[in-house]
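S.K.: how does the following fold in three dimensions:
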Amino acid sequence: MYPQRGITLIELLIALAIAALLAGIALPGLNGALEAARAGEAKSGLLESALVAVARAGITGRRTVLCPSADGSRCSVGSDWSEGWIGFVDRDGDRERGADETVFHRQSGLGGKVRLTSTEGRSRIVFQGNGGNAGSNVTFTLCDGRGPERAESIVLNNLGRIRYGSPSAAGIAATCRG
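M.R.: Below is the predicted model of the structure:
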């Protein structure tokens, strides 16, 4: 007769309980790390978009526009950039993408709970043919699933340079909801 091999039901339940306990401890930390990575990806995407738009404006000598875009082909209404954005050469100067205006850059929507909004009333960023930004600085507020206390502001100046800081209470309230 052969001896029985394997594990008992009690041993299996103890192992599952330990695994569940470890997963319960590790998952919140993992979610926080994923949200931080997604927020970092949003910041680098915004920086890349600004650099590409400035370069394209300088190369073509024409205005380029960055604007929020949910479908990747035309500008969305409002200042929420969370669903993505586009950059295009604005041949007619109306800040709206026409059928004959080339999209040179597309950024897809931000993952997870990441939200990105621009200063109210600044839903279009126009770079002149000399590479400068038309108008005043634009401030973005970036939030993710880690909560409002981790929110950041991203300021894009008239030359296409970016700096980071702490967002205003109004920016946090508008961006970090839900």
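
S.K.: where along the protein do the helices fall?
M.R.: Assigned by DSSP state H, the chain shows helices spanning 9-60, 169-175.

S.K.: so which of the ones you listed comes closest to Asn137?
M.R.: Between Asn137 and the helices of the chain, the tightest spacing by CB to CB is seen for helix 9-60, at 12.0 Å. (C-beta placed from N, C-alpha, C; glycine too.)

S.K.: return the distance of that closest one from the chain's centre.
M.R.: In terms of CA atoms, centre = their mean, to the nearest Å, the centre of helix 9-60 is found 13 Å from the chain centre.

S.K.: now for that helix, which elements pack on it?
M.R.: Judged by 3 or more CB pairs under 8 Å, 6 or more residues apart in numbering; DSSP states H and E, the packing partners of helix 9-60 are strand 64-68, strand 84-89, strand 103-108, strand 125-127, strand 138-143, strand 152-156, strand 162-165.

S.K.: the same query, at a cut-off of 10 Å, please.
M.R.: On a contact count with 3 or more CB pairs under 10 Å, 6 or more residues apart in numbering; DSSP states H and E, helix 9-60 meets strand 64-68, strand 84-89, strand 103-108, strand 115-118, strand 125-127, strand 138-143, strand 152-156, strand 162-165.
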